[in-house]
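S.K.: Everything below, folded, please.
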Amino acid sequence: MDTEKDIIVKYEGVDLELDGNTILSDINLTIREGDFVYLIGKVGSGKSTLLKSMYHEVSLEKGSARVMDYYMETIKKKQVPYLRRKVGIVFQDFQLLIDRSVAKNLEFVLRATGWKNKDLMDLRISEVLTQVGMQNKGYKMPHELSGGEQQRIVIARALLNSPEIILADEPTGNLDPEMGSQIVHLLHTIAEGGTAVLMATHNYAVVQRYPGRIVKCEDGYLKEVKGSQGS
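M.R.: A predicted model of the protein is given here:
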C-alpha cells in the first residue's frame, strides 16, 4: 500500500513560468520510491523547466510542491544545497571537468558537498564506479572515454550522495542508439534499487524498449499518457 512516506515528488496545481511567460500550468504529479518515469514532449514544451523546478533553479509561480521533505513554495535559500545533494542530476552534455581524472571529478563533488575523510571518499567513488560498470576507469581522463562511458561517469557522479531521485535531462541525446539504450537500461536498474528516476527524452525507441510511466508536456500542461506501463 502506498503511503506518504513513499512519495518523493508531489506537485499539486503548480504553475511554472520563465521570463514572465507561463510555461506549464496546473501540474499534478506524484513520483514514488523506485518509480521510473519518462518525461516526453517537443523542444520548448517545458520538460527542462519542470526538472529545474525540482532542484529549485526555477521557482513555483502557483500551487504546492514537495520534493522529499522540502516544500518548494517555502524553501529557504540555505536549504537549497541540502535539497540538491539528495537530487542526482544527469545532463545531456556531461559537464565533466576536463582537466582531471574520473576519480578526481568525483572527489571534487564529494569535497564540495562536505565530505572530508579521504578513505571514505575513495570507498564511495569505488562503489559508484562499480555500480555503473566503470570500476577500472577511475584513472582515465574524460577525453579518453567514449560518449557512453562519459555518461556512465555522469550517472556515477549523480549517485555519489545516495539521492532519492535522479533527474536525467536527455541523457541519450549525444549518444548513438546502442549506447543510449545501455544508459537507459542502467537507469532502470537504478530505479529497481529504489531510487526514483525522471528522464526527459525525445528518444521514443528507448521508451518502447524499456517501458515505464510516461508523462507528456503538451500545450502548456503535463498529462499522464494512457497505456503507459509501470516499471
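S.K.: going forward, measure contacts and count neighbours with C-alpha atoms only.
M.R.: Noted.
S.K.: With just CA atoms, put the worst-scoring helix or strand of the chain on mean pLDDT into PDB.
M.R.: Ranked by mean pLDDT, DSSP states H and E, the weakest helix or strand in the chain is helix 204-209, scoring a mean of 88. The C-alpha coordinates for helix 204-209 follow below in PDB (Å, rounded to 0.1, in the frame of the first residue of the first chain):
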ATOM      1  CA  TYR A 204      10.800   7.000 -28.300                       C
ATOM      2  CA  ALA A 205      12.700   3.900 -29.300                       C
ATOM      3  CA  VAL A 206      14.100   3.500 -25.800                       C
ATOM      4  CA  VAL A 207      10.700   4.300 -24.300                       C
ATOM      5  CA  GLN A 208       9.300   1.300 -26.200                       C
ATOM      6  CA  ARG A 209      12.200  -0.900 -25.400                       C
END
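S.K.: From the rest of the structure, what touches it?
M.R.: Tyr38, Gly180, Ser181, Val184 (C-alpha atoms under 8 Å, 6 or more residues apart in numbering).
S.K.: and these as JSON lines, adding neighbour count?
M.R.: Formatted as JSON lines, the contacts of helix 204-209 follow (neighbours: other C-alpha atoms under 10 Å):
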{"residue": "Tyr38", "neighbour count": "24"}
{"residue": "Gly180", "neighbour count": "22"}
{"residue": "Ser181", "neighbour count": "20"}
{"residue": "Val184", "neighbour count": "19"}
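S.K.: Show me which of those is closest to Lys223.
M.R.: Using C-alpha to C-alpha, Tyr38 comes nearest to Lys223 of the contacts of helix 204-209, at 11.6 Å.
S.K.: rewinding a little: what's downstream of the least confident helix or strand of the chain, the next helix or strand?
M.R.: strand 213-218 (DSSP states H and E).
S.K.: which element follows that next one toward the C-terminus?
M.R.: As assigned by DSSP H and E, the chain's next helix or strand after strand 213-218 is strand 221-224.
S.K.: if I look at the residue nearest the centre of the chain, how far off is Asp119?
M.R.: Of all residues in the chain, the one closest to the mean position by C-alpha atoms, centre = their mean is Leu167, 1.4 Å from it. Separation of Leu167 from Asp119 (C-alpha to C-alpha, to the nearest Å) stands at 28 Å.
S.K.: In helices, which of the contacts of helix 204-209 fall?
M.R.: Cross-referencing the contacts of helix 204-209 against helices under DSSP state H gives Gly180, Ser181, Val184.
S.K.: so Arg100 sits in a helix?
M.R.: No. According to DSSP: H, G, I helix; E, B strand; the rest coil, Arg100 belongs to no helix; its state is coil.
S.K.: That one: what's it in contact with?
M.R.: Arg100 neighbours (C-alpha under 8 Å, 6+ apart): Met141, Pro142.
S.K.: Quick one, grab the pLDDT at Gly114.
M.R.: Note on Gly114: pLDDT of 92.
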